[in-house]
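S.K.: A predicted structure for the sequence below; I have some questions about it.
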Amino acid sequence: MAETTRRGPVRLVFTVVAVAAAMAILLSLGTWQVKRLHWKEALIADIEVRRNAAPLDLAGIEAVLAKGGDVDYRAAEAEGTYLNDKERHFLATFRGRAGFYVYTPLQLADGRYLFVNRGFVPYELKEPAKRPEGLLVGPQSVEGLARARLSEKPSSLVPDNDEGKNVFYWKDLDRMAASTGLAADKVLPFFLDADATPVPGGMPEGGVTEIDLPNSHLQYAITWYGLALALAGVVLYAVFRRKT
């Protein structure tokens, strides 16, 4: 009987500690999701401002980078000559079709190069010879959205790039440049996704940039706070029953 009496307070203390810890965890997770929600909303708003602003020339984009700014999805424009024989092909799907995004170096007036994502071609049109009308020659102007380079493979599940077959599974700017024989110090450190301006023959099909930033943080916050509220309800119910 004495042992049972001693176990009662110990069990009560353990229960109180466990409930307090669970409540603290649930509330902290909910608060963290609220903070993530505010961050994501600010990011989405910032991207909308960038993509709808007047296009910056390449010097403007470089100035933003020099100040540590983010150029991803920033409206931009460039002029130069496409090196069509140095196309790189990034495996992609677009509007339900399998194929490639065509990345072509644009040679600038100062001798440097900018890799332009000219758009999508279906799998059967991977080879440039099959779409000769779209191989623009001579001086060209292109508008679109600047895209930040990737510093590393986005996931271990992504295959390694197959440079021999000119198939890239992730956008490794350094290897794209090296595989075309372009000096790394002559290549601008970002991409440009061309807009949907039609090209002769219709291919590549521009305007492929997808801006899809999932924002489920509010639902997650409600879930965690809801679980905390439910836990509080269970505790109150248990206390009420104990008193009665």
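M.R.: Ah, there it is. Residues are numbered from 1 along each chain as shown.
S.K.: so what are the domain limits for this protein?
M.R.: Structural domains assigned to the chain are 16-47+215-243, 74-202, following automatic domain parsing.
S.K.: Just send those back as CSV, with mean neighbour count too.
M.R.: Heads up, the C-betas are built off the backbone N, CA and C, glycines and all. As requested, those are exported to CSV (neighbours: other C-beta atoms under 10 Å):
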stretch, mean neighbour count
domain 16-47+215-243, 13
domain 74-202, 16
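S.K.: ranking these by mean pLDDT, which is last?
M.R.: For the domains of the chain, mean pLDDT drops lowest on domain 16-47+215-243, to a mean of 79.
S.K.: By residue count, tell me the biggest helix in the chain.
M.R.: Assignment by DSSP state H gives helix 2-52 as the longest helix of the chain.
S.K.: any idea of the angle the helix or strand just after it forms with helix 2-52?
M.R.: Downstream of helix 2-52, the first helix or strand assigned by DSSP states H and E is helix 58-66. Note on geometry: by axes from the mean of the first three to the mean of the last three C-alpha atoms, to 10 degrees, helix 58-66 and helix 2-52 are set 160 degrees apart in direction.
S.K.: Name the residues that touch helix 58-66?
M.R.: Identification of contacts with helix 58-66 by C-beta atoms under 8 Å, 6 or more residues apart in numbering yields 56, 70, 71, 74, 76, 78, 108, 114, 146, 188, 189, 190.
S.K.: now the nearest residue to the second one once chain neighbours are set aside, which residues is it bridged with?
M.R.: Closest residue in space to residue 70, ignoring its immediate chain neighbours: residue 148 at 7.0 Å, by C-beta to C-beta, 6 or more residues apart in numbering. When bridges are taken as DSSP bridges, the partners of residue 148 come out as residue 190.
S.K.: what's the nearest residue to residue 27 once chain neighbours are set aside in contact with, if anything?
M.R.: Excluding the flanking residues, the one nearest residue 27 by C-beta to C-beta, 6+ apart is residue 228, at 5.3 Å. Contacts for residue 228 (C-beta under 8 Å, 6+ apart) come out as 23, 26, 27, 30.
S.K.: any chance of the residues you listed in TSV, plus distance to residue 233?
M.R.: As requested, these are exported to TSV (distance: C-beta to C-beta, whole Å):
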residue	distance to residue 233
23	12
26	13
27	15
30	16
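S.K.: Identify the spatial nearest neighbour of residue 80, chain neighbours not counted.
M.R.: residue 106 (4.1 Å).
S.K.: wait, isn't that neighbour in contact with residue 142?
M.R.: Yes - taking contacts as C-beta atoms under 8 Å, residue 106 lies within contact range of residue 142: 7.0 Å.
S.K.: Can you work out which residues contact both of those two?
M.R.: Taking C-beta under 8 Å, 6+ apart as the criterion, residue 106 and residue 142 both touch 78, 116, 192.
S.K.: Need the three-state assignment for the first one.
M.R.: Which is residue 78. strand (DSSP: H, G, I helix; E, B strand; the rest coil).
S.K.: so it bridges to which residues?
M.R.: In this entry, residue 78 is beta-bridged to residue 142, by DSSP bridges.
S.K.: now do residue 93
M.R.: Beta-bridge partners of residue 93, as defined by DSSP bridges: residue 98.
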